[in-house]
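[1] can't give you the sequence, but here's the structure:
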């Protein structure tokens, strides 16, 4: 594996974690949104990652990475609360809240941030290795 492949691999991880952070931000933004029916209520979303593996025998490189295969909605039940005075309550006096778990979302945010930072460190270390390699002939 070429040292240059490290940039592509780490870059794919950073892109995937950026998507994860955006989805997490959307979930957190909709945490307290209410609706009068289950069909209109926001549902938590989560990215699905998959491994990308390519084996290019022509130039002898093998590389891998990650990509977002899709974003799925959570199947967890919605929160239903009895609030007959709420303007968005249904005919029975219930309002529906998203199935967003704030603790899970904060954990996702911290994990995405740390993974992103780790890949930045990988890129910086690889850059330093390449610069040292270039300075050998001087």
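    Yep, that arrived. Values in this document were obtained by computation on a predicted structure and should not be read as measured data.
[2] okay, CA-based contacts and neighbour counts for the rest of this
    Noted.
[3] and the gap between residue 23 and residue 88?
    Separation of residue 23 from residue 88 (CA to CA, to the nearest Å) stands at 26 Å.
[4] Please identify which of those two sits among more neighbours.
    Using other CA atoms under 10 Å, the more surrounded residue of residue 23 and residue 88 is residue 23, with 20 against 16.
[5] Which strand or helix spans that one?
    helix 5-29 (DSSP states H and E).
[6] Which positions within that helix qualify as buried?
    Neighbour-count burial for helix 5-29 flags 5-14, 16-17, 19-21, 23-25, 27-28 (criterion: 16 or more other CA atoms under 10 Å).
[7] list the helices and strands that helix packs on?
    strand 45-56, strand 61-73, helix 102-134 (3 or more CA pairs under 8 Å, 6 or more residues apart in numbering; DSSP states H and E).
[8] among those, which is nearest residue 82?
    Set against residue 82 and scored by CA to CA, the helices and strands packed on helix 5-29 come closest in helix 102-134, at 21.0 Å.
[9] number of nearby residues for residue 100?
    That count, for residue 100 with other CA under 10 Å as the rule, works out to 24.
[10] Which stretch among the helices and strands packed on helix 5-29 approaches residue 79 most closely?
    Among the helices and strands packed on helix 5-29, helix 102-134 sits nearest to residue 79 (CA to CA), with 13.0 Å.
[11] Run the angle between that closest one and strand 45-56 for me.
    Angle of helix 102-134 versus strand 45-56, following axes from the mean of the first three to the mean of the last three CA atoms, to 10 degrees, is 30 degrees.
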